[in-house]
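**Q** structure of the sequence below:
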Amino acid sequence: MERRDILKASAIFLGYGLIGGASVAVLNGCKADKSDDWVPSFFTEEEIAILAEAAERIIPKTDTPGAKDAMVHRYIDEAVQNNFKKEKQDKFKEGVAVFDLKSNELFSKKFVDISDEEKDQILQSLVEASKNKNDLDRAVFPTLKSLVVAGFFTSEVGATKALIYDPIPGPYQGCIPFSEVGGLYSL
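**A** All right, here's what the predicted structure looks like:
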């Protein structure tokens, strides 16, 4: 095995250890379906609405696009269906139900019907629960967050609008003064 292959494999294993199923989804090429007639294939419409709202609170729209703009909820639907084992799928689906349970308990409304500040309270309670031994609450937030981050930053919107996008090789400029370049570049 060559040194380059060893480094590549090490990076993949390290990344998988950090974000689990989300890295498998990225490596398998999960992309959000952008069609107008999209319907979820794994989650119900209500669960997708919860995921979309939760994802938008994790990566909200500001001066850059948010998770809804990147259609992260669609990415999550495909990623969970195609890359999670049945047991993890079921556990994650149960975790999604926790959003409505906590919302009904605290605000007597569904998660999608409460204010952004109230959604943040519920997300914060799930962050705190992820530090404790509460098994169901602990399972949902870290997995959701890793899927949202992976889905957002691998989307076209996330990669080109939220990150600094420098298309390589870029436009050809054969003869420009060194002073305009500002230094030497490497790839």
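**Q** show me the contact partners of stretch 60-71.
**A** 32-34, 52, 55-56, 58-59, 73, 116, 148, 151-152, 155-158, 161-162 (Cβ atoms under 8 Å, 6 or more residues apart in numbering). C-beta coordinates here come from the backbone N, C-alpha and C atoms, glycine included.
**Q** packing partners for the longest helix belonging to the chain?
**A** In the chain, assigned by DSSP state H, the helix with the most residues is helix 86-107. Under the contact definition 3 or more Cβ pairs under 8 Å, 6 or more residues apart in numbering; DSSP states H and E, helix 86-107 sits against helix 45-58, helix 72-83, helix 116-131, helix 135-153.
**Q** among those, which is the most enclosed?
**A** helix 72-83 (a mean of 24; mean count of other Cβ atoms under 10 Å).
**Q** let's have the helices and strands packed on helix 86-107 in a markdown table, adding distance to V181 and mean pLDDT.
**A** Below are the helices and strands packed on helix 86-107 laid out as a markdown table (distance: least, Cβ to Cβ, whole Å; pLDDT from 0 to 100):
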| stretch | distance to V181 | mean pLDDT |
| --- | --- | --- |
| helix 45-58 | 38 | 96 |
| helix 72-83 | 37 | 95 |
| helix 116-131 | 44 | 90 |
| helix 135-153 | 28 | 84 |
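**Q** for D100, find the nearest of these.
**A** helix 45-58 (6.6 Å; Cβ to Cβ).
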